[in-house]
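[1] what's the 3D shape of this:
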Amino acid sequence: MKRSSVATCCGGGDVQRGHRRGRAVQVIKPATETPLVLLAFVQALMDAGVPAGALNAVTTSSPNDVMEPLIRSGLARKLSFTGSTAVGVKLLEQAAEQVLSTSLELGGNAPFIVFDDADLQVAIDALMMNKMWNAGQTCTSANRIFVHSTIIDRFQEMLVERMSGYVQGNWAEDGVNLGPLINARQVANVAAIVDDAVAKGAKLVVGGGHPDRPGYFYQPTVLRDVPADALLNTEEIFGPVAPLIPFEDESDVVRRANDTDYGLVAYVFTQNLHRAVRVCEALETGNVGLNRGTVAYAAAPFGGVKKSGLGREGSWEGLDEFLETKFVALQM
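    Okay, the predicted model is just below:
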């Protein structure tokens, strides 16, 4: 499950390469589950001097009732959406009627590949930062962890030690280093994905249930030898679950990593430069983390291929998504 937010540039005028003709305004619908974050951001922009009426936040528990009329109105000039692929497809269908410029950052199914020559400590540290940030509820979280068969036992030992060290609870409490999931529905989704993997033959190494405390928590979980038909191979986990999948050779793991409808992020760990170049080029993703667990930076373009979305955020490529190029041929 992904948090969703929609931003639509609309108004009586249009926006051409950053120059306004008429009056352009922006309408932002915050995520239903986390509206306060965006409202605080909008307030910060207003405090910084954004003119009244130029930026408008609209909260609603019925997103389609608000956004569909705006998209179909003919006034919109740009649609930007972050959320699930299913919702992104519906918005793209609506935008197509107006031939509306659209940027979509949708679902992911990130492979995390650890080759036999990788620095295991570097890989484990990167995985913990990547997987446990926001309790695994990010589109860039490792979803399938492929580890070479010759090192997977050692990798598992190191992973279990780190996962067992997390303390769940309220961040205001001393010693707590892992927060809850967003709601009861997401806890149920994570539980269903783990139960499905175990039912199909995966080994539950640690975790796999709800901690004995109130709140929307799911235990840090490690799975081993996850079969190809497990649900987590096709759906985002969005929780603190680390599924280990052994592999034998480079061509096999690249094929399996690409065997998904999604292509947002991939992670590769190896000390062989030639292999690094080959694998990074072969992976069908918009972003690759090489010997690191992060890829999102304001100065770097971020976005996916296949069903992970359209366009890029960040860097000049992200700004270019909101501009139109005009060419003037002048007869002298």
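[2] Name the residues of stretch 53-60 that come out as buried.
    Neighbour counts over stretch 53-60 (16 or more other Cβ atoms under 10 Å) mark 55, 57 as buried. Where you see a C-beta, it was placed from the backbone N, CA and C, and this is true even at glycine.
[3] My error: substitute stretch 232-246 in the last question.
    For stretch 232-246, a neighbour-count test (16+ other Cβ under 10 Å) marks 232-233, 235-246 as buried.
[4] Could you do stretch 27-47 as well?
    In stretch 27-47, counting by 16+ other Cβ under 10 Å, buried: 27-31, 35, 38, 42.
[5] And stretch 184-203, by the same measure?
    Per 16+ other Cβ under 10 Å, stretch 184-203 contains these buried residues: 186-187, 189-191, 193-194, 197, 202.
[6] Averaged pLDDT, whichever helix in the chain runs longest. What do you get?
    When the chain is parsed with DSSP state H, its longest helix is helix 184-199. When pLDDT is averaged over helix 184-199, the result is 98.
[7] neighbouring contacts of the one helix or strand Val37 maps to?
    Per DSSP states H and E: Val37 is located in helix 35-47. The list of residues contacting helix 35-47 from outside it, by Cβ atoms under 8 Å, 6 or more residues apart in numbering, reads 5, 28, 30-31, 52, 55, 57, 59.
[8] run the last query once more with 6 Å
    30, 57, 59 (Cβ atoms under 6 Å, 6 or more residues apart in numbering).
[9] Restricted to strands, list these.
    Ala57 (DSSP state E).
[10] in the protein, which spans are helices?
    In the chain, the helices defined using DSSP H lie at 35-47, 63-72, 85-97, 120-132, 152-163, 184-199, 250-258, 273-282, 315-320.
[11] How far off centre is the shortest one?
    Spelled out, that is helix 315-320. Centroid separation between helix 315-320 and its chain, computed with Cα atoms, centre = their mean, to the nearest Å, is 19 Å.
[12] And for stretch 254-272?
    Distance, stretch centre to chain centre, for stretch 254-272: 15 Å (Cα atoms, centre = their mean).
[13] Have a look at the chain and report the helix or strand with the lowest mean pLDDT.
    One helix or strand of the chain scores below all others by mean pLDDT, DSSP states H and E: strand 14-16, with a mean of 27.
[14] List the buried residues in stretch 308-320.
    Buried residues in stretch 308-320 (16+ other Cβ under 10 Å): 308-313, 318.
[15] got it, and stretch 318-331?
    Those would be 318, 321-322, for stretch 318-331 by 16+ other Cβ under 10 Å.
[16] Can you tell me which of those residues is nearest Phe146?
    Nearest to Phe146 among these is Gly318, at 30.0 Å by Cβ to Cβ.
[17] residues contacting that closest one?
    Arg312.
[18] So what does the residue sitting nearest the centre point of the chain look like in phi/psi?
    Centroid-nearest residue in the chain, with Cα atoms, centre = their mean: Cys139, separated by 1.5 Å. Backbone geometry at Cys139, expressed as degrees, to the nearest 10, gives phi -70, psi -20.
[19] Nice, that's everything, thank you.
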